Structure formats: structure tokens, C-alpha cells
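Novice: okay, predicted coordinates and the sequence, questions at the end:
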Amino acid sequence: MLKRVLAVVVVVVLGLVGFVASRPSTFEIKRSVLINAPPDVVYAQVASFKSWNAWSPWDAMDPAMKRSYTGAEAGVGAQYAWEGNDQVGTGEMKITDAKPGEHLGLDLHFITPFEATNRTDFDFLKTAEGTSVTWLMSGKNNFGARAATLFMDMDKMVGGDFEKGLAGLKIASEKAATEAAAARKAADEAAAAPPVDDALGDAGTP
């Protein structure tokens, strides 16, 4: 009887292992949003890691999260590392390729609560309404990650974070675009105004 039970257990375990192994070996999570701002303005919000706390969905999960910035100020070579609570864990990322106003590519390394290295890409496409932004993360599924897909919908979980992040990016970018337009208008008006001395002189002419 015991041998029969053990045989059944072995068959079940081998079947489960085989099923897990048959799960996709790679993954891709992608979300997009339309932002009423020029591509260069939206790009700037992503190209500098110091701007991420204005829209990143994970910063709000741990206000006390420790952050460090190294490398370039923005674009290729910029690096960011974080250490937070159980929700955000620890990790680091680095911008590895950039085409201003069009594309940013990052290498993303999670350290805790699990070890993983993924690829992240942001694409910025100019449209009549502003900028269409696509946020994509891709990588390989190890055996543990494949097993996790049996119980969790990673696209829904991480995709939901992407949607929150893109909503925040939209707010931050449109605010930056409005402020930039106001600054340009003020500069143009100042340039078009007559010098103060001339204005006083004209006022005093009979």
C-alpha cells in the first residue's frame, strides 16, 4: 500500500514538474498611454532617475525608501539603486541606450525579495495629440517564475503598476509642459517689451 501511494506521489510530482517546465520561458509586460505633452518633455521625466519619484508607482509604496544615484545625471550611464520595504524590495537599474525624445533602454536587476534581471524599454512616439508612451518589461522565466505563474497573473499585477506609473507620468509631464509654455510666453513678452529707460523717456516727451 505504501509503495502504491509513493508511486502515485512520484507520478503527480513528475507531472507537476513537467507542466511547470512547459510554461513560457520568457515574458513580456507592456502598457501604453497618451500624454498631452511634447516627446522631449515626457522623455526628460524618464531619462533622469531623480524625476521618477514624481510618478513611479513604487515610490508611493514606501515613502522611507532609500535611494542612491550614480553615473550620468540623465540618459546613458545614469544609475539608480533602491532599498525599501517588503513591497518594493531592493534592486538597481541602469540606462544602457537612449535616443532623446524617442527611446530609453534600461537594465533592471531585482535583488530582493527575489533575484531577477530584466530588460525595460520606454518608447516615445509623437502624435497629433502629444506623445504616445509605451512601457515594456521583458525577460526570462526560470523554473520558480514559471511555477509562480500557476498562482499569479504577473501581467495583471505588474501591468497594474505600469498603468499607475504611466498615469503619474502623464500628470508630471503635462504639468512640466504647461510650466515650460508659461516660461516661454513670459520670456517672449519680456523680449518684446521696450527697455525701461526708453519707456520712461517716451513718457516724458512733450
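Specialist: Cool, the structure landed. Residues are numbered from 1 along each chain as shown.
Novice: would you map the strands across this protein?
Specialist: Listed in chain order, the strands of the chain (DSSP state E) span 26-35, 66-71, 78-83, 90-99, 103-112, 116-127, 130-140.
Novice: let's have the ones you listed in JSON lines, adding distance to residue 56.
Specialist: Bear in mind the C-beta positions are built from the backbone N, C-alpha and C, glycine included. Converted to JSON lines, these look like this (distance: least, Cβ to Cβ, whole Å):
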{"stretch": "strand 26-35", "distance to residue 56": "14"}
{"stretch": "strand 66-71", "distance to residue 56": "10"}
{"stretch": "strand 78-83", "distance to residue 56": "10"}
{"stretch": "strand 90-99", "distance to residue 56": "11"}
{"stretch": "strand 103-112", "distance to residue 56": "13"}
{"stretch": "strand 116-127", "distance to residue 56": "12"}
{"stretch": "strand 130-140", "distance to residue 56": "11"}
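Novice: and those strands: which comes nearest residue 163?
Specialist: Closest to residue 163 of the strands of the chain, according to Cβ to Cβ: strand 26-35, at 5.5 Å.
Novice: output the closest one as PDB, nothing but the C-alphas.
Specialist: Provided in PDB are the C-alpha atoms of strand 26-35 (Å, rounded to 0.1, in the frame of the first residue of the first chain):
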ATOM      1  CA  THR A  26      10.000  34.300 -21.500                       C
ATOM      2  CA  PHE A  27       7.600  37.000 -20.600                       C
ATOM      3  CA  GLU A  28       6.600  40.500 -21.800                       C
ATOM      4  CA  ILE A  29       4.600  43.100 -20.000                       C
ATOM      5  CA  LYS A  30       3.500  46.200 -21.900                       C
ATOM      6  CA  ARG A  31       1.300  49.200 -21.300                       C
ATOM      7  CA  SER A  32       0.800  52.500 -23.100                       C
ATOM      8  CA  VAL A  33      -0.700  55.900 -22.500                       C
ATOM      9  CA  LEU A  34      -1.300  59.100 -24.500                       C
ATOM     10  CA  ILE A  35       0.200  62.200 -22.900                       C
END
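Novice: the lengthiest helix in the chain: how far from the chain's middle?
Specialist: Scanning the chain for the helix with the most residues, using DSSP state H, yields helix 154-192. Relative to its chain's centre, helix 154-192 lies at 14 Å (Cα atoms, centre = their mean, to the nearest Å).
Novice: now the angle from that helix to strand 116-127?
Specialist: Computed by axes from the mean of the first three to the mean of the last three Cα atoms, to 10 degrees, the angle separating helix 154-192 from strand 116-127 equals 50 degrees.
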